[in-house]
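Q: okay, here's the prediction I keep looking at, along with the sequence it came from:
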Amino acid sequence: MITSSVLNAITFKYLNGGYPNKWNTLHASRKQGGFMVIPYCQKFNKDDTVYLQFESDSNTTPVLKIYNPVLNESINGTLESSYTGSQNRYFFGFNVSLGSDYYDKIVTFSITQGIDTLTSEPIYIEDLSEYVSKGEIKRIKYTNLDRNNSNLSSYWVDWSVLDYMFFYVESVDIETADKEQNEVLEGSQSKTIIAAQNWSGINLQTGGIPDYLELKLKAASSLDYFEVNDVQYVKEGEVSVERFGNSTLVQLSLNLTEKNTIGLNVDDLGIILTDNNDMAIIAKRNTAVNGSGWQVENPEGYMLHSVFIKHAITSANDAVVNLGTTIGGDELIEDIQGSILKADYSTKWATFSRHYLKDPDNASNLYFSVSGSGVILDIIVNFDTVV
């Protein structure tokens, strides 16, 4: 079964009949008695590249179809990571470019894997610069950097293989939500402030939005990294939701405190998340590398730093691993170095320190080839920033 996370920038649903509910019915078709159904299209900026990810228990490559309103293109998914065990999981990614074919049009998607099909809510592609400059629409960007060191849910997204996701929402932040905390020593004749702290904050208030977008905004603001128009915030308390008039839309309000404010809490933000994801180390992992090998992207601005390899629990025999910059290449790891004995590397990692840089200004690919009957390997690749 293929699954779309609530955090996918575009919402997908199973339209599988039965009694209608929020998960099997598109917003435009979801009637609620006497409440008015107001059509809604989630907005995206022209020429945006939107990343979508889907999880499945099948390794069959899914196909994404894009309509504007007729079928305009089909895209095969890229297997970006997989995890094997009692329940196998495969994560497929798509990069969707919203170019001139989609300007000022309503666009819909469907994704098919085997007998399963998901259908998207509609989106509308236009130049959003005027809406942004007027403060009518905000760009929401999010990721889960601290996923391995916290109890934050990843909402069935493999954040290790992507930088961030984003979407837009009609909203304003005119109401402030600044906070202050003071500790006061009370004397017999006077009071003295012995500690004080101030935080800058906003109250983000949306216009009328469907319940699927309201839930997406709630989930995104619960991640480790949540950004509104290039400022990182932390959600304070619960989100307030109310009905938008006599319609099936809702309005959302949430209090957000800035993570860091220059001149108030800090004097320098240091390393921050940007559209180029300037983290010091990017790690990519595949827990089910077999004889088919693994192609992994070396991101722009990063160099290969190190490789870790060990056998998965279900691996049957010794393996030989080669790593190169071309298919079948072995200039980075060759046969002798890449001999991964099952007896030695089932519980510990074979470690390879490989500092290699091909082109700091462009992404490139690395290719793992694996030989050995019934071999299944767990491979981690670390990339280090060069800028």
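A: Yes, it's here. Residues are numbered from 1 along each chain as shown.
Q: hey, let's count contacts and neighbours off CA atoms from now on
A: OK.
Q: isn't there a strand covering residue 320?
A: Yes - if the criterion is DSSP: H, G, I helix; E, B strand; the rest coil, then residue 320 is within a strand.
Q: now it: how far from residue 308?
A: Per Cα to Cα, to the nearest Å, residue 320 is found 14 Å from residue 308.
Q: now swap in residue 138 and tell me
A: Separation of residue 138 from residue 308 (Cα to Cα) stands at 41 Å.
Q: more neighbours, those two?
A: Per other Cα atoms under 10 Å, whichever of residue 138 and residue 308 has more neighbours is residue 138, with 23 against 16.
Q: low-confidence ranges, the stretch 251-387 of the chain, go.
A: Residues of the stretch 251-387 of the chain meeting the criterion pLDDT under 70: 261-280, 387.
Q: regarding the protein, what is its longest helix?
A: Across the chain, the longest stretch assigned as helix under DSSP state H is helix 211-220.
Q: tell me the SS of the closest residue to residue 117 other than its chain neighbours?
A: Once flanking residues are discounted, residue 117 sits nearest to residue 111: 5.5 Å by Cα to Cα, 6 or more residues apart in numbering. What three-state DSSP gives for residue 111 is strand.
Q: which residues of the stretch 51-200 of the chain fall in strands?
A: Assigned by DSSP state E, counting those that start in this stretch, the strands in the stretch 51-200 of the chain fall at 63-67, 71-76, 78-83, 89-97, 105-113, 116-120, 123-126, 137-143, 165-176, 179-186, 191-199.
Q: residue 246 is nearest to which of the ones you listed?
A: Closest approach to residue 246 among those (Cα to Cα): strand 165-176, 18.8 Å.
Q: so which elements touch the closest one?
A: Applying 3 or more Cα pairs under 8 Å, 6 or more residues apart in numbering; DSSP states H and E, one finds that strand 165-176 contacts strand 42-45, strand 49-56, strand 137-143, strand 201-206.
Q: list the buried residues of it.
A: Across strand 165-176, burial judged by 16 or more other Cα atoms under 10 Å covers 165, 166, 167, 168, 169, 170, 171, 172, 173.
Q: in the sheet, who's paired with the closest residue to the second one other than its chain neighbours?
A: Spelled out, that is residue 166. Nearest residue to residue 166, sequence neighbours excluded (Cα to Cα, 6+ apart): residue 141, at 4.2 Å. Per DSSP bridges, the residues bridged to residue 141 are residue 166, residue 227.
Q: residue contacts, residue 141?
A: Residue 141 sits next to 164, 165, 166, 167, 226, 227, 228, 230 when contact means Cα atoms under 8 Å, 6 or more residues apart in numbering.
Q: let's see 10 Å
A: Going by Cα atoms under 10 Å, 6 or more residues apart in numbering, residue 141 touches 9, 164-168, 220-221, 225-232, 274-275.
Q: I'd like to know which of those residues are buried.
A: The neighbour-count criterion (16+ other Cα under 10 Å) marks 9, 164-168, 220-221, 225-228, 232 among the contacts of residue 141 as buried.
Q: which of these lies closest to residue 314?
A: residue 164 (32.3 Å).
Q: how about that closest one, nearest residue that isn't a chain neighbour?
A: Nearest non-adjacent residue to residue 164, counting by Cα to Cα, 6+ apart: residue 143, 4.8 Å away.
Q: pLDDT score assigned to that neighbour?
A: Looking at residue 143, its pLDDT is 91.
Q: distance of it from residue 163?
A: Applying Cα to Cα, the value for residue 143 to residue 163 is 7 Å.
Q: what do you get for residue 11?
A: For residue 11, the distance to residue 163 equals 19 Å [Cα to Cα].
Q: so between the two, which is more surrounded?
A: Legend: neighbour count by other Cα under 10 Å for residue 11 and residue 163, higher for residue 11 (22 against 19).
Q: okay, now residue 58: neighbour count?
A: By other Cα under 10 Å, 15 other residues sit near residue 58.
Q: brain fart, residue 43
A: Neighbour number of residue 43 under other Cα under 10 Å is 20.
Q: for it, list each beta-bridge partner.
A: As for beta bridges, residue 43 partners with residue 124 under DSSP bridges.
Q: isn't it right up against residue 125?
A: Yes - in this structure residue 43 lies within contact range of residue 125 using Cα atoms under 10 Å: 6.1 Å.
Q: between the two, which contacts overlap?
A: Common contacts of residue 43 and residue 125, defined by Cα under 10 Å, 6+ apart, comprise residue 106.
Q: the strands of the stretch 51-200 of the chain: which one's closest to residue 379?
A: It's strand 78-83; of those, that one is closest to residue 379 (Cα to Cα) at 10.4 Å.
Q: just the CA atoms of that closest one, as PDB, please.
A: Extracted in PDB, the C-alpha atoms of strand 78-83 (Å, rounded to 0.1, in the frame of the first residue of the first chain):
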ATOM      1  CA  THR A  78      13.100   7.500  -7.500                       C
ATOM      2  CA  LEU A  79      13.700   5.000  -4.700                       C
ATOM      3  CA  GLU A  80      15.500   7.200  -2.200                       C
ATOM      4  CA  SER A  81      15.700   4.900   0.800                       C
ATOM      5  CA  SER A  82      14.500   1.500   2.000                       C
ATOM      6  CA  TYR A  83      14.300  -0.200   5.400                       C
END
